[in-house]
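Enquirer: missing the sequence, but the structure's below:
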């Protein structure tokens, strides 16, 4: 079975074709700047095949044009990996917001499309774009190829009300769906299952804290295979400071600044999402590589940004240890989670009370994409670096649904 995984943004389309026989990636890549003028040199089309990366420029006005380009790349062009698109058995789509409705991945039909559209106010930048991807695929391959929606929020649907409710008027929840949803669910699901494999234990017997750290970051507390709490909330803005996002702040700070500057809710939303976080504190960049370089050069604000980030993450980990009455494993994943040598070390330095002492040599040598344990197998709390694979999680869910259709 061959599964194509699609992740659409408002002007982008990421793709990955997997052969589920051995879960190998046949080809992957992305198309950026959809609907925008290409002047040359943007390298907006990216193809990754056999360990090599190829790029070129092509103006693609719509997502349908972009998906047709993916079809050409995979089945016709010089990088082709299949003889015909008919070889693709199903398409899996990342969908950010599934609300209270979807607790697992589902086959997309008219009712699912309607619900995803209705949930768009909860994820205005993501759900409409995710639907564009589905509609582009439908236009190109027709209704006979099954398409599946895998929701970022689904893995977090096991949270109890005491974790997902906010202390605001209850009618805001019943009328408008104001509650904690959590995001990065496919990543947290993959690495929590992977760490259970690495430990040789049933996930149902473990207490795990997964730290997905990147430009957007979240932490999840997973007890007996189920999420009991997670740091992102109603939107991906909540939690701790990220590349350009503030994370949790005193709500009065928001209203104070709006009144002080006389700005609109939309402008305030832009400030909190795009002009805050590490970028704002460091005054340098939202890219962790730049922060590391400035920290090494002695930039006080870059140092402060990293110190704040590590401190806030350690506080979340500590609170989740309390919520689960213990922890068996802590996992670092995502771009920063896999690359952030200093940050991992600093976070773990706060956890000595739990007996967490990592091997700094292994921590320093582990590169992105590698798997490593930073503690000893005999330690009470074990710490791992694991590469996430959200596309494989989506492909597995898609294959399971399609296989059940054929029974």
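Expert: Looks like it arrived, so ask away. Note that the structure is a prediction, hence the values are computed from the model and not measured.
Enquirer: And the strands in the stretch 201-350 of the chain?
Expert: 207-212, 218-223, 226-230, 329-333 (DSSP state E, counting those that start in this stretch).
Enquirer: Mind giving me the packing neighbours of the second one?
Expert: The elements that strand 218-223 packs onto, with contact taken as 3 or more C-beta pairs under 8 Å, 6 or more residues apart in numbering; DSSP states H and E, are helix 185-199, strand 207-212, strand 226-230, helix 300-324. (Each C-beta comes from the backbone N, C-alpha and C, glycine too.)
Enquirer: which one of those is the most hemmed in?
Expert: strand 207-212 (a mean of 27; mean count of other C-beta atoms under 10 Å).
Enquirer: Which elements pack onto that strand?
Expert: helix 185-199, strand 218-223, helix 300-324, strand 329-333, helix 334-339.
Enquirer: got JSON lines for these, with mean pLDDT and distance to residue 264 too?
Expert: Below are the helices and strands packed on strand 207-212 laid out as JSON lines (pLDDT from 0 to 100; distance: least, C-beta to C-beta, whole Å):
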{"stretch": "helix 185-199", "mean pLDDT": "97", "distance to residue 264": "31"}
{"stretch": "strand 218-223", "mean pLDDT": "98", "distance to residue 264": "27"}
{"stretch": "helix 300-324", "mean pLDDT": "98", "distance to residue 264": "28"}
{"stretch": "strand 329-333", "mean pLDDT": "98", "distance to residue 264": "36"}
{"stretch": "helix 334-339", "mean pLDDT": "94", "distance to residue 264": "32"}
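Enquirer: Now render these as a markdown table, adding distance to residue 132.
Expert: Shown next, in a markdown table, are those (distance: least, C-beta to C-beta, whole Å):
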| stretch | distance to residue 132 |
| --- | --- |
| helix 185-199 | 19 |
| strand 218-223 | 25 |
| helix 300-324 | 33 |
| strand 329-333 | 28 |
| helix 334-339 | 25 |
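Enquirer: For residue 156, find the nearest of the ones you listed.
Expert: Nearest of the helices and strands packed on strand 207-212 to residue 156, taken as C-beta to C-beta: helix 185-199 at 5.5 Å.
Enquirer: Name the surrounding residues that touch the closest one.
Expert: 94, 150-156, 202-203, 206, 208, 210, 212, 218, 220, 222, 225, 227, 230, 328-329, 331, 333-334, 371, 373, 377, 382, 384, 386, 388-390, 392-394 (C-beta atoms under 8 Å, 6 or more residues apart in numbering).
Enquirer: Would you mind listing which of those residues are buried?
Expert: 94, 150-156, 203, 206, 208, 210, 212, 218, 220, 222, 225, 227, 230, 328-329, 331, 333-334, 373, 382, 384, 386, 388-390, 392-394 (16 or more other C-beta atoms under 10 Å).
Enquirer: Quick check, pLDDT for residue 405.
Expert: Reported pLDDT at residue 405 in the predicted model: 88.
Enquirer: Tell me if I'm right that it and residue 90 touch.
Expert: No. Residue 405 lies out of contact with residue 90 (C-beta atoms under 8 Å); the separation is 9.0 Å.
Enquirer: Can you pick out the residue with more neighbours from these two?
Expert: residue 90 (22 against 10; other C-beta atoms under 10 Å).
Enquirer: how far away is that one from residue 147?
Expert: 7 Å (C-beta to C-beta, to the nearest Å).
Enquirer: before we move on, back to that, can you say which of the helices and strands packed on strand 207-212 is nearest to residue 36?
Expert: That would be helix 334-339 among those, by C-beta to C-beta, at 24.8 Å.
Enquirer: quick revisit: residue 19 is nearest to which of the strands of the stretch 201-350 of the chain?
Expert: Nearest to residue 19, of the strands of the stretch 201-350 of the chain and by C-beta to C-beta, is strand 329-333 at 24.0 Å.
Enquirer: Which strands or helices does that closest one pack on?
Expert: Against strand 329-333 (3+ C-beta pairs under 8 Å, 6+ apart) you get helix 185-199, strand 207-212, strand 382-385.
Enquirer: hey, where'd the helices end up in the stretch 1-150 of the chain?
Expert: With helices called from DSSP state H, counting those that start in this stretch, the stretch 1-150 of the chain shows them at 63-75, 110-118, 127-141.
Enquirer: Which one of those lies nearest to residue 51?
Expert: helix 63-75 (16.6 Å).
Enquirer: Adding distance to residue 100 as columns, could you present the strands of the stretch 201-350 of the chain in TSV?
Expert: Shown next, in TSV, are the strands of the stretch 201-350 of the chain (distance: least, C-beta to C-beta, whole Å):
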stretch	distance to residue 100
strand 207-212	23
strand 218-223	18
strand 226-230	15
strand 329-333	27
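Enquirer: Can you say which of those is nearest to residue 364?
Expert: Across those (criterion: C-beta to C-beta), the nearest stretch is strand 329-333, sitting at 13.7 Å.
Enquirer: so how far is residue 271 from the residue located most distally from the centre of the chain?
Expert: Distance from the centre of the chain peaks at residue 260, with 34.3 Å (C-alpha atoms, centre = their mean). From residue 260 across to residue 271, the span is 12 Å (C-beta to C-beta).
Enquirer: one step back: between residue 405 and residue 90, which contacts overlap?
Expert: In contact with both residue 405 and residue 90: residue 146, using C-beta under 8 Å, 6+ apart.
Enquirer: Give the residue spans of the stretch 151-300 of the chain that score low on pLDDT.
Expert: Low-confidence segments of the stretch 151-300 of the chain, defined by pLDDT under 70, are absent.
Enquirer: All the helices of it, residue numbers only.
Expert: Going by DSSP H, counting those that start in this stretch, the stretch 151-300 of the chain shows helices at 161-164, 170-176, 185-199, 251-261, 265-274, 277-282, 288-296, 300-324.
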